[in-house]
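A.B. asks: The amino acid sequence is not available; the structure is as follows:
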Ligand code: PXG
């Protein structure tokens with residue numbers, strides 16, 4: 001008879017790291033550097049906490065990768081998944097068939113989506129969903145009798161995924177230089193980042209100005225060539241870039257003027273992260289299509305898709321076959337996980353809690369970090385937040401002095417965070433978080449305390465290196 005040990009056995013970290021280095025190609029990773037350090041092995045999660053293979057407890061302020069909205073350890077999701085696996089682990093939605101979870105989730109999504117969205121197309125990820133968007137808007141314009149409308153306009157420093165189309169829609173130069181991207185038919189305008197481009201303007205003036213770059217580009221291309229504009233309501237992977245309040249309404253006005261479709265990529269901002277089911281509602285975007293993934297299942301099982309607004313859907317459903325789809329479109333297990341995840345978000349009132357209580361509290365506490373000698377600005381909206389590390393502070397953001405990017409101060413800061421039980425990401429010199437939506441006020445206090453402590457360590461480190 002075997003006995004259950006009361007203290008869980010720690011796995012063989014060194015052995016796992018060696019196997020990892022020998023066999024596992026990680027996403028976005030310098031493998032030589034990783035092999036020297038050895039990968040950190042995560043073994044368990046509960047609530048907002050993770051434990052690694054050496055027994056360290058870590059506050060996961062990134063919700064995994066912007067996705068574990070309801071936190072770790074939700075046994076009702078694992079049970080829903082197990083039940084569906086036992087009943088019907090897979091069936092497809094091709095050839096005039098469907099499955100119960102796929103239908104029920106589609107109806108549920110229609111009920112929480114903004115007005116004018118009654119249909120969904122499922123994918124396995126956010127990248128596939130954005131590929132779907134390109135195919136769908138081009139199909140739409142074909143059916144609408146304007147097949148020459150093919151160009152999609154996106155923005156620099158946007159992130160829309162890592163497939164050929166996703167990376168092309170994205171505006172990451174580091175991705176474009178590898179593999180001859182972007183693919184044809186995708187062009188980029190500048191991002192609405194006030195600190196970089198708003199000198200001499202108020203944020204509100206800058207929002208309208210940044211939107212005018214879209215109109216300029218439409219006129220250059222010819223409005224009859226442009227199919228759609230795509231943007232994240234708040235840029236996530238680009239460093240939590242929060243646009244001025246005037247930006248999206250002006251973008252919508254321009255899209256209306258030239259009859260261009262608007263795609264809101266809500267892979268990060270959906271499912272309560274900004275205190276609304278979808279951030280488009282917060283910003284008055286009124287998009288035609290909404291990309292989703294991540295928070296739809298809280299990352300427990302992969303799922304993504306496109307919420308299709310009635311303008312596009314009405315033409316698509318009467319236009320004959322749309323020759324597009326994936327083996328795992330509407331995967332019943334993923335849909336079962338999503339249904340239970342959404343049920344939890346509703347039962348625990350998490351969207352409202354972020355909107356009315358913990359979101360404003362995080363905003364106030366996070367803003368207090370701007371007093372730190374190393375921090376230029378610190379801003380948040382809902383449950384995403386970012387701060388800029390600067391060499392010399394100034395009340396006017398455009399008078400602050402930044403660090404030489406080659407010093408990689410953000411990575412130094414990230415090292416102190418990771419080394420002290422705190423997951424806070426670095427994007428250049430911006431330090432960013434996106435905590436699980438279940439985080440309480442007391443946990444926000446604990447997190448801010450950890451961040452401040454690690455900023456102190458970074459400051460001492462940067463001064464010791466003579467960088468400041
Ligand atoms: N759109 C947005 C807005 C995203 O943030 C995707 C699409 C692609 O989703 P998939 O499921 O294909 O990964 C994302 C993904 C980072 C980071 O470094 C962010 C993402 C993915 C990987 C890393 O912040 N976002």
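C.D. replies: Yep, it's here. If you're wondering where the values come from, they're calculated on a predicted model, not measured in any experiment. Residues are numbered from 1 along each chain as shown.

A.B. asks: Next, the contact list for the residue of the chain found nearest the ligand, please.
C.D. replies: Closest approach of the chain to the ligand (Cβ to the nearest ligand atom) occurs at residue 126, with a separation of 2.3 Å. Quick note: C-beta positions are derived from backbone N, CA and C, even for glycine. Contact partners of residue 126, counting by Cβ atoms under 8 Å, 6 or more residues apart in numbering, are 160, 161, 166, 265, 267, 291, 292, 293, 294, 304.

A.B. asks: Name all residues that make contact with the third one.
C.D. replies: Contacts of residue 166 were listed using Cβ under 8 Å, 6+ apart, and they are 126, 127, 130, 131, 160.

A.B. asks: helix or strand for residue 359, which one?
C.D. replies: helix 359-367 (DSSP states H and E).

A.B. asks: Sheet partners, orientation included, of the helix or strand that that helix is followed by?
C.D. replies: Following helix 359-367 in sequence order, the next helix or strand is strand 375-381 (DSSP H and E). Counting by DSSP bridges, the strands paired with strand 375-381 are strand 384-389 (antiparallel).

A.B. asks: Give the buried residues for the strand it pairs with.
C.D. replies: For strand 384-389, burial by neighbour count (16 or more other Cβ atoms under 10 Å) applies to 384, 385, 386, 387, 388, 389.

A.B. asks: nearest spatial neighbour of the third one, skipping sequence neighbours?
C.D. replies: For residue 386, ignoring the flanking residues on the chain, the nearest one in space by Cβ to Cβ, 6 or more residues apart in numbering is residue 240 at 3.2 Å.

A.B. asks: contacting residues around that neighbour?
C.D. replies: 234, 379, 380, 384, 385, 386, 427, 430, 432, 434.

A.B. asks: per-residue confidence for it?
C.D. replies: Confidence at residue 240, expressed as pLDDT, is 98.

A.B. asks: Please report the distance of it from residue 329.
C.D. replies: 31 Å (Cβ to Cβ, to the nearest Å).

A.B. asks: what residues are up against the most centrally placed residue in the chain?
C.D. replies: By Cα atoms, centre = their mean, the chain has its centre lying nearest to residue 268, at 2.8 Å. Contacts for residue 268 (Cβ under 8 Å, 6+ apart) come out as 66, 232, 234, 236, 237, 294, 295, 384, 434.

A.B. asks: burial of the first one, as a residue count?
C.D. replies: Neighbour count for residue 66, taken as other Cβ atoms under 10 Å: 24.

A.B. asks: which residues touch it?
C.D. replies: Here residue 66 is in contact with 236, 267, 268, 273, 294, 295, 434 (criterion: Cβ under 8 Å, 6+ apart).

A.B. asks: again, 10 Å this time
C.D. replies: Contacts for residue 66 (Cβ atoms under 10 Å, 6 or more residues apart in numbering) come out as 126, 236-237, 267-269, 273, 293-295, 299, 383-384, 425, 432-434.

A.B. asks: Same question for residue 178.
C.D. replies: Counting by Cβ under 10 Å, 6+ apart, residue 178 has contacts residue 167.

A.B. asks: mind showing which ranges of the stretch 351-468 of the chain have poor pLDDT?
C.D. replies: Along the stretch 351-468 of the chain, the model assigns pLDDT under 70 to no residue.

A.B. asks: pull the longest helix from the protein.
C.D. replies: helix 441-464 (DSSP state H).

A.B. asks: Centre of the chain to that helix, how far?
C.D. replies: 24 Å (Cα atoms, centre = their mean, to the nearest Å).

A.B. asks: how near is residue 340 to residue 293?
C.D. replies: For residue 340, the distance to residue 293 - Cβ to Cβ - is 17 Å.

A.B. asks: got it, and residue 437?
C.D. replies: On the measure of Cβ to Cβ, residue 437 and residue 293 end up 16 Å apart.

A.B. asks: Kindly report the same for residue 435.
C.D. replies: 19 Å.

A.B. asks: For the stretch 251-400 of the chain, what lies in contact range of the ligand?
C.D. replies: 265, 267, 268, 293, 304 (Cβ under 6 Å from any ligand atom).

A.B. asks: Among these, which ones are in strands?
C.D. replies: 265, 304 (DSSP state E).

A.B. asks: who touches the closest residue to residue 435 other than its chain neighbours in this structure?
C.D. replies: Leaving aside its chain neighbours, residue 435 sits nearest to residue 61 (4.8 Å; criterion: Cβ to Cβ, 6+ apart). Residue 61 makes contacts with 48, 383, 385, 417, 422-425, 432-436, 439, 443-444, 447, 450-451, as judged by Cβ under 10 Å, 6+ apart.

A.B. asks: again, only using 6 Å
C.D. replies: Residues in contact with residue 61 (Cβ atoms under 6 Å, 6 or more residues apart in numbering) are 423, 424, 433, 435, 447.
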